[in-house]
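Trainee: quick one: sequence and predicted model below, then my questions.
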Amino acid sequence: MRRRLINSTLAVVLVVIAVFGISLFVVEARSIESSAEDRLDAEVARLLGDVESRIAAGEPVTADEMRPVAPADRFVKIQLAGEAPVVLGARPEGDLMEATETGVHGETVTVSHSKSVVSDEIGRMVTIILVVSLLAVAAAALLAVQQAHRVAAPLTDLAETAARLGSGDPRPRHRRYGVAELDRVADVLDSSAERIARMLTAERRLAADASHQLRTPLTALTMRLEEIIATEDADTVKEEATIALSQVERLTDVVQRLLTNARDARLGSAVGFDLDEVVIQQIEEWRPAYRSANRAIVHSGKPGLRAVGTPGAVSQVLACLVENSLMHGDGTVALRTRTTGNQVVIEVTDAGPGVPPELGARVFERTVSGHNSTGLGLAVARDLAEADGGRLELLQQRPPIFALFLSREADGLGKAAH
C-alpha cells in the first residue's frame, strides 16, 4: 500500500511538472527570442542615430571612430552611400539573428549575432527548470513517503490489533492516529476488545465457579454411592439411593443456577421455602463426613422459619460454609437460625482458629485464601446469596461466625406459595 501511495503521488507530481514545465519552456523560449530581437533593434537604432549625427556634423564615419560606440559582441556593418562598408567585429558563423535600418542620408546599419547566443540562454533556462523540477520531485517524494507512512502505519497497527483479538488477546490498545476515519476504526476495535474481554472473563468465571460448586455435590454423591456399594441391606440401599437422587437433582439445580447467574444475576426464581428443611438436609448430607473426621454437626435456633429465595442456591451457600468448617475448622459445627427485623439469619460457626486477622472482610474476594485453597468458595457463595437478594457476612473472625441473611417470607407470599 505504501508503494502505491508513493507511486500515485509521484505520478501526479510528474504530470503537473510536465504540463507546467513544457508551458513554461515555450513561454520563456519565446520571451528570450523576443528580448534578443528587441535588443538588436535597439542597438541598430542607437548606432544609426550616431551615424546620422556624424554625417550631419561632417565628421568621418570610420571603423576607428565607430568602434567605441558599437557593441563589442556584435557584428556591425555600416554602409554609406557611395563608400565602402564599415565593418566592426567578426562575422559569426552559422545561423544569424540580425536587424537592419536605413537612415535619411541613405546609410544602412546592420547589427547581427549568432543564434547560439539565444540557444545558450534558452539552455540555461531549461537547466533552471530541470533543477527546480528535480527539487520538486524530491520534495514530493519525501512528502509522499511521510504521507504513506502516516496512512499505512495506522492501518498496519489496526490489522495487528484485529489479529490480536482473533488470537485471544482482547486488551484494548487505546491508540489514535489523528485521522478521523482511522480513529473511528480504532474506537470500534477497542470497544470490541472490551466486550470480548468481558465475555472471556464471564466464561472463565463460569468455568471456575462451576468446577468449584460441582465438586462438593459430586463428593457427597460419591460418598452415598460408596455406602450403597458397601451395604447389602435393601432398605439402606433404597434410602441411600433416594438421597443420592435428591443430590443429583440439586446438582442439576446448581448447574442451572450458575448458567442463570452467568447470563444475568438479576434473573432469579425466588420462592418461599421452609428454612429448617434446607438446614436439616445439609446436616444429613454432611453428617457422614463429619463422623469420619470424629466431629459433630448440630442445629439449633428458632424453628419454623420461612425465607424467600432459591432453595438450591441457599443449599449451595450452606454447603460451602459447612465444607469450609470441615476442612479448615475444628470441633463441633453449629448451624443456628434466628430472625432480625424482616430477615432470617443462618449462622455457621465452629471451634477452629477462624479467619486470619490480615484477611478480614477480604475473605470473600476471589483468589483470596488463608489455607492454600482456590479462594473461590466464599466468593461464589456470596454471589449466590446476593443473586437471591440476600447477603453473606463474616460476623466474627475468631471463632468464626458466618451469617447468611435472607428476606423473611411475608404471610401473603407464604399463602401464594402454598
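Mentor: That came through fine.

Trainee: for whatever helix or strand Leu392 lives in, packing partners?
Mentor: Under the criterion of DSSP states H and E, Leu392 resides in strand 391-396. If you count contacts as 3 or more Cβ pairs under 8 Å, 6 or more residues apart in numbering; DSSP states H and E, strand 391-396 packs onto helix 377-387, strand 401-408. The way it works is simple: take the backbone N, C-alpha and C, and place the C-beta from them, glycine included.

Trainee: would you list every one of the helices in the stretch 101-250 of the chain?
Mentor: Applying DSSP state H, counting those that start in this stretch to the stretch 101-250 of the chain gives helices spanning 115-166, 180-230, 234-263.

Trainee: orientation of the strand holding Leu392 relative to strand 401-408 in degrees?
Mentor: Put simply, strand 391-396 runs at 150 degrees to strand 401-408, going by axes from the mean of the first three to the mean of the last three Cα atoms, to 10 degrees.

Trainee: so Asp50 touches Val69, yeah?
Mentor: Yes. Applying Cβ atoms under 8 Å, one finds Asp50 in contact with Val69, separated by 5.4 Å.

Trainee: the more surrounded of those two?
Mentor: Applying other Cβ atoms under 10 Å to Asp50 and Val69 shows that Asp50 carries more neighbours, namely 17 against 13.

Trainee: so that one sits in a helix?
Mentor: Yes. Under DSSP: H, G, I helix; E, B strand; the rest coil, Asp50 sits within a helix.

Trainee: which residues touch it?
Mentor: 66, 69 (Cβ atoms under 8 Å, 6 or more residues apart in numbering).

Trainee: can we start the residue count at 59 from this point?
Mentor: Got it, the first residue is 59 from now on, which makes the last one we talked about Asp108.

Trainee: what pLDDT does it get?
Mentor: What the model reports as pLDDT for Asp108 is 88.

Trainee: least reliable of the helices and strands packed on strand 449-454 by average pLDDT, please.
Mentor: Among those, helix 435-445 carries the lowest mean pLDDT (a mean of 84).

Trainee: what's it packed up against?
Mentor: helix 238-288, helix 292-321, helix 369-386, strand 449-454, strand 459-466.

Trainee: buried set for that helix?
Mentor: The neighbour-count check on helix 435-445 (16 or more other Cβ atoms under 10 Å) flags 435-443, 445 as buried.

Trainee: as TSV, the residues you listed with distance to Asp227 would be great.
Mentor: Below are those laid out as TSV (distance: Cβ to Cβ, whole Å):
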residue	distance to Asp227
Gly435	30
Leu436	31
Ala437	26
Val438	27
Ala439	32
Arg440	30
Asp441	27
Leu442	32
Ala443	34
Ala445	31
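
Trainee: now do the strand holding Leu450: distance to the chain's middle.
Mentor: Computed by Cα atoms, centre = their mean, to the nearest Å, the chain-centroid distance of strand 449-454 equals 42 Å.

Trainee: and that strand, what's its mean pLDDT?
Mentor: Rounded mean pLDDT across strand 449-454 is 92.

Trainee: run me through the strand neighbours of that strand, direction for each.
Mentor: strand 459-466 (antiparallel) (DSSP bridges).

Trainee: can you give the contact residues for the strand holding Leu450?
Mentor: Counting by Cβ under 8 Å, 6+ apart, 375, 405, 407, 412-413, 418-419, 421-422, 436, 439-440, 443-444, 458-463 sit against strand 449-454.

Trainee: switch the cut-off to 10 Å
Mentor: Contact partners of strand 449-454, identified using Cβ atoms under 10 Å, 6 or more residues apart in numbering, comprise 375, 378-379, 401, 403-405, 407, 412-413, 417-422, 436-437, 439-444, 458-464.

Trainee: how about low-confidence regions in the stretch 359-476 of the chain?
Mentor: 419, 425-433, 469-476 (pLDDT under 70).

Trainee: again, only this time at 90
Mentor: 367-371, 373-375, 377-378, 381-382, 385-386, 411-447, 455-456, 467-476 (pLDDT under 90).

Trainee: how many residues are close by the closest residue to Pro457 other than its chain neighbours?
Mentor: With sequence-adjacent residues excluded and distances taken as Cβ to Cβ, 6 or more residues apart in numbering, Pro457 is closest to Gly412, at 5.4 Å. Applying other Cβ under 10 Å, we find 20 residues neighbouring Gly412.

Trainee: Gly412 against Gly418, yeah?
Mentor: No. Using Cβ atoms under 10 Å, Gly412 makes no contact with Gly418, being 11.0 Å away.

Trainee: shared neighbours of these two, anything?
Mentor: 452, 455.

Trainee: hmm, back to that, can you give me phi and psi for the residue nearest to Pro457?
Mentor: Note on Gly412: backbone dihedrals following degrees, to the nearest 10 are phi 80, psi -160.

Trainee: which ones are touching it?
Mentor: 386-388, 428, 452, 454-459.

Trainee: just the buried ones from those residues?
Mentor: Here, 16+ other Cβ under 10 Å leaves 386-387, 428, 452, 455, 458-459 buried among the contacts of Gly412.

Trainee: can you tell me which of those comes closest to Ile254?
Mentor: Gly428 (34.0 Å; Cβ to Cβ).

Trainee: let me have the contacts of Gly412 in TSV, adding distance to Val134 as columns.
Mentor: Formatted as TSV, the contacts of Gly412 follow (distance: Cβ to Cβ, whole Å):
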residue	distance to Val134
His386	124
Gly387	128
Asp388	132
Gly428	117
Leu452	120
Gln454	126
Gln455	122
Arg456	126
Pro457	130
Pro458	125
Ile459	128
